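**Q** Kindly return the folded structure for what I paste below:
(chains A and B)
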Number of protein chains: 2
Amino acid sequence: MRDAYHEELDALTGRLVEMTRLVRSAISRATTALLDADLQLAESVISRDEEVNRLFAEVEASVFELMVRQQPVAIDLRMIITALRMGTDLERMGDLAEHVAKVARLRHPESAIPADMRPTILEMGQIAENIVSKAGSCIARRDVESALELEHDDDAMDRLHRKLFREILGKDWKHGLEPAIDITLIGRYYERYADHAVRIARDVVYLVTGSRPS
Amino acid sequence: MRDAYHEELDALTGRLVEMTRLVRSAISRATTALLDADLQLAESVISRDEEVNRLFAEVEASVFELMVRQQPVAIDLRMIITALRMGTDLERMGDLAEHVAKVARLRHPESAIPADMRPTILEMGQIAENIVSKAGSCIARRDVESALELEHDDDAMDRLHRKLFREILGKDWKHGLEPAIDITLIGRYYERYADHAVRIARDVVYLVTGSRPS
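**A** Have a look, this model is predicted:
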């Protein structure tokens, strides 16, 4: 049987994995809300971000408790320090999903995204979901190999992000300024969401190996 | 005389204050580079972001050392935990200044900002400088009162950010898509820069009082 200290460390990991699940669900619903102009779904993303924030507060409290009551060293100390960083990143990913949902709400009953741009945004949403799922497994299994692979998914996100700009600034753009601005911001939200997932993966590498990937 | 432990804690504070100085200089130069289409200045912001990253690596190493060698409690433990968070925010502020400089470089020899929009961007740059200076003093002096005031400066930034959108989407906008996209992104960079400074100020409040401002 594990002692109370290791049970608390496991619970900390559990909370981080649960945060990845919540922010995955948030970006998934935000993408659908955006593409389908679904106001109710957008509202659900916005109101439920509170759950992510609450979990992060629990992570912070647990980190503080573990520091005060124990004298963690080596991998346990790295776990506690990276938990704070991962929690910060996940909390921000929740905010970014909320930002996407707010654009959906602002343009309702229209969709903020013109029909010909929807496949690209859908793909960005799918990469975001995929990348955060993988980050969750990396945390749960302390899986360095998968963590290093996450950079490839982020490359795909960056390619789509550049594609958005090419389309907006291309000579065939016919949707005017407002959709261009919305898509600029939304593209940035998805790209940042993926960046935070990559940071989490890098923290898993640091957690396990004691050094950061170059 | 102070012991080695407290000297190391003071050095940690010193590194954070030095980071605020560097990212203040970075956003100041980035704003000038952007408004004056000054390529050399833009390049200096981009190449010197490495200094901010190096200082952050020192902050992280120092936090780890302090944790392993000491058993910090109460305010010292909060100092060490918030130092990590503040360092993360400051490192990101350096990146955001670099993003502004990269837009300046991309549009050189033109200025990315049409002449009639420059006063607003200049004002955002000045608020950004002002807010990070104050954040630096708050860290150095553990000054809760000034930390709480920082939110007002951030309100001014948010107002300017909303003003940018009103101008871009107003009927008198005559600069076309590319400047609109550039300004959308740049506005977001300044706004995020100020948000990170506010987070630092809130961490100072937590550091001193043990609880976060509501």
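**Q** which bits of chain A sit near chain B?
**A** Applying CB under 8 Å from any CB of the partner chain, one finds that chain A approaches chain B through A:63-64, A:67-68, A:71-73, A:77, A:81, A:84-85, A:88, A:165, A:168-169, A:173, A:177-178, A:180-181, A:184-185, A:188. C-beta here means a position set from N, CA and C on the backbone, and glycine is covered the same way.
**Q** Only whichever of the residues you listed are buried, select them in PyMOL.
**A** The buried residues among the residues of chain A next to chain B can be selected in PyMOL (16 or more other CB atoms under 10 Å in any protein chain shown) with this line:
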select buried, chain A and resi 63+64+67+72+77+81+84+85+88+165+168+173+177+180+181+184+185+188
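**Q** just checking, which of the residues of chain A next to chain B belong to helices?
**A** A:63-64, A:67-68, A:77, A:81, A:84-85, A:88, A:165, A:168-169, A:177-178, A:180-181, A:184-185, A:188 (DSSP state H).
**Q** where's the closest residue to A:S211 other than its chain neighbours, which helix or strand?
**A** Take A:S211 and drop its neighbours on the chain: the residue closest to it by CB to CB, 6 or more residues apart in numbering or on different chains is A:V205, 7.9 Å away. Applying DSSP states H and E as the criterion places A:V205 in helix A:177-209.
**Q** any idea of the angle that helix forms with helix B:177-209?
**A** Relative orientation of helix A:177-209 and helix B:177-209, computed by axes from the mean of the first three to the mean of the last three CA atoms, to 10 degrees: 40 degrees.
**Q** separation between A:S146 and A:E191?
**A** According to CB to CB, to the nearest Å, A:S146 and A:E191 sit 21 Å apart.
**Q** So between those two, which is more surrounded?
**A** A:E191 (20 against 14; other CB atoms under 10 Å in any protein chain shown).
**Q** how about the closest residue in space to that one that isn't next to it in sequence, secondary structure?
**A** Among residues not flanking A:E191 along the chain, A:H161 sits closest, at 4.7 Å (CB to CB, 6+ apart). Three-state assignment for A:H161 (DSSP: H, G, I helix; E, B strand; the rest coil): helix.
**Q** Spit out the contact partners of A:H161.
**A** A:M124, A:G187, A:R188, A:Y190, A:E191 (CB atoms under 8 Å, 6 or more residues apart in numbering or on different chains).
**Q** number of nearby residues for the residue nearest to the second one when sequence neighbours are not counted?
**A** Translated: A:G187. The shortest distance from A:G187 to any non-neighbouring residue, by CB to CB, 6+ apart, is to A:L164 (4.4 Å). For A:L164, the tally of surrounding residues (other CB under 10 Å) stands at 21.
**Q** Touching, A:L164 and A:E123? I think so.
**A** No: A:L164 is not in contact with A:E123 according to CB atoms under 8 Å; the separation is 10.6 Å.
**Q** Now do the SS call for A:S111.
**A** A:S111 ends up coil, using three-state DSSP.
**Q** Now the closest residue to it other than its chain neighbours. Its backbone dihedrals?
**A** Using CB to CB, 6+ apart and skipping residues adjacent in sequence, the residue nearest A:S111 is A:A37, 4.2 Å away. With angles defined as degrees, to the nearest 10, A:A37 sits at phi 50, psi 50.
**Q** Pull out the buried residues from the strand or helix carrying A:L96.
**A** Counting by DSSP H and E, the element that carries A:L96 is helix A:74-107. Buried residues in helix A:74-107, counted by 16+ other CB under 10 Å: A:77-105, A:107.
**Q** now stretch A:74-93, how far from the chain's geometric center?
**A** 14 Å (CA atoms, centre = their mean, to the nearest Å).
**Q** typed the wrong thing, it's stretch A:144-154
**A** Distance, centroid of stretch A:144-154 to centroid of chain: 15 Å (CA atoms, centre = their mean).
**Q** Please apply the same query to stretch A:164-184.
**A** Using CA atoms, centre = their mean, the offset of stretch A:164-184 from its chain centre is 25 Å.
**Q** any idea of the mean pLDDT in it?
**A** Across stretch A:164-184, the average pLDDT comes to 96.
**Q** Quick one: end-to-end length of that stretch, please.
**A** 8 Å (CA to CA, to the nearest Å).
**Q** in chain A, which ranges drop under the pLDDT threshold?
**A** A:1-2 (pLDDT under 70).
**Q** go again using 90 as the cut-off
**A** Where chain A drops to pLDDT under 90, the residues are A:1-5, A:64-65, A:67-75, A:211-214.
**Q** Identify the residue nearest the residue most central in space within it in space, chain neighbours excluded?
**A** By CA atoms, centre = their mean, chain A has its centre lying nearest to A:M93, at 3.8 Å. If the residues on either side of it in the chain are set aside, A:M93 comes closest to A:V23, at 4.3 Å by CB to CB, 6+ apart.
**Q** what's the distance between that neighbour and B:Q40?
**A** 41 Å.
**Q** neighbour count winner among those two?
**A** Applying other CB under 10 Å to A:V23 and B:Q40 shows that A:V23 carries more neighbours, namely 32 against 9.
**Q** picking up where we left off before, show me what the helix holding A:L96 is packed against.
**A** Here helix A:74-107 touches helix A:4-36, helix A:39-69, helix A:177-209, helix B:39-69, helix B:74-107, going by 3 or more CB pairs under 8 Å, 6 or more residues apart in numbering or on different chains; DSSP states H and E.
**Q** and after it, which helix or strand comes next?
**A** helix A:118-141.
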